[in-house]
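Asker: I'd like to go over a predicted model; first the sequence, then the structure.
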Amino acid sequence: MYTQRLLDTLAQDDSEVRRRLADQSRKTTVLRVNEKALTRRYTMMQEIEASLRKENSKMKNEVVAMETAVTERLGYLQRYKVWWCHRELHRLYATLQLVYREWWTIIRSPPVSLHR
């Protein structure tokens, strides 16, 4: 097929060969220009991708830091809750002891005579 095409081209007159050569040259130039444009676009897309990956990594690190901070805060609040409940129970127990002692003192005291 390639040989037949070459023989056909050689059989044509000089002006037809020049016209086909100019046409092929234009097509080659267009393809080279398109290749350069695509190369620039590809390079630009690679830079954008690298930038987005960097930003994504930064956001992932921020999320991990936030999760750590929230976990620490929840732990602190849980410990505070336990401490507060223990303190309140201790306070209630102390009040109950005081009331019980007063009650016990009243009960154990000798009866007051109303007659003299």
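Answerer: Nice, thanks for sending it over. Numbers count the residues shown, from 1 in each chain.
Asker: So for the helix or strand hosting residue 20, mean pLDDT?
Answerer: Secondary-structure assignment from DSSP states H and E places residue 20 in helix 14-108. Helix 14-108 carries an average pLDDT of 95.
Asker: what packs against that helix?
Answerer: With contacts defined as 3 or more CB pairs under 8 Å, 6 or more residues apart in numbering; DSSP states H and E, helix 14-108 has no packing partner among the helices and strands. The way it works is simple: take the backbone N, C-alpha and C, and place the C-beta from them, glycine included.
Asker: Find the centremost residue of this structure, please.
Answerer: What sits nearest the mean C-alpha location of the chain, by CA atoms, centre = their mean, is residue 60, with 3.7 Å.
Asker: Can you check the pLDDT for residue 112?
Answerer: In the predicted model, residue 112 carries a pLDDT score of 68.
Asker: I meant residue 116, not that one.
Answerer: At residue 116 the predicted local distance difference test score is 58.
Asker: Please apply the same query to residue 3.
Answerer: Reading off the per-residue confidence, residue 3 sits at a pLDDT of 80.
Asker: Which of the three states applies to it?
Answerer: The three-state label given to residue 3 by DSSP: H, G, I helix; E, B strand; the rest coil is helix.
Asker: what's the burial count for it?
Answerer: Under the neighbour criterion other CB atoms under 10 Å, residue 3 is assigned a count of 7.
Asker: go on, residue 17?
Answerer: Residue 17 sits with 13 neighbouring residues when counted by other CB under 10 Å.
Asker: one step back: for residue 66, see how far away the residue nearest to the centre of the chain is.
Answerer: Applying CB to CB, to the nearest Å, the value for residue 60 to residue 66 is 11 Å.
Asker: And residue 94, by the same measure?
Answerer: Using CB to CB, one obtains 42 Å as the distance from residue 94 to residue 66.
Asker: Next: residue 50.
Answerer: Counting by CB to CB - residue 50 and residue 66 are separated by 25 Å.
Asker: And residue 48, by the same measure?
Answerer: 26 Å.
Asker: what does residue 8 give?
Answerer: When CB to CB is applied, the distance between residue 8 and residue 66 equals 73 Å.
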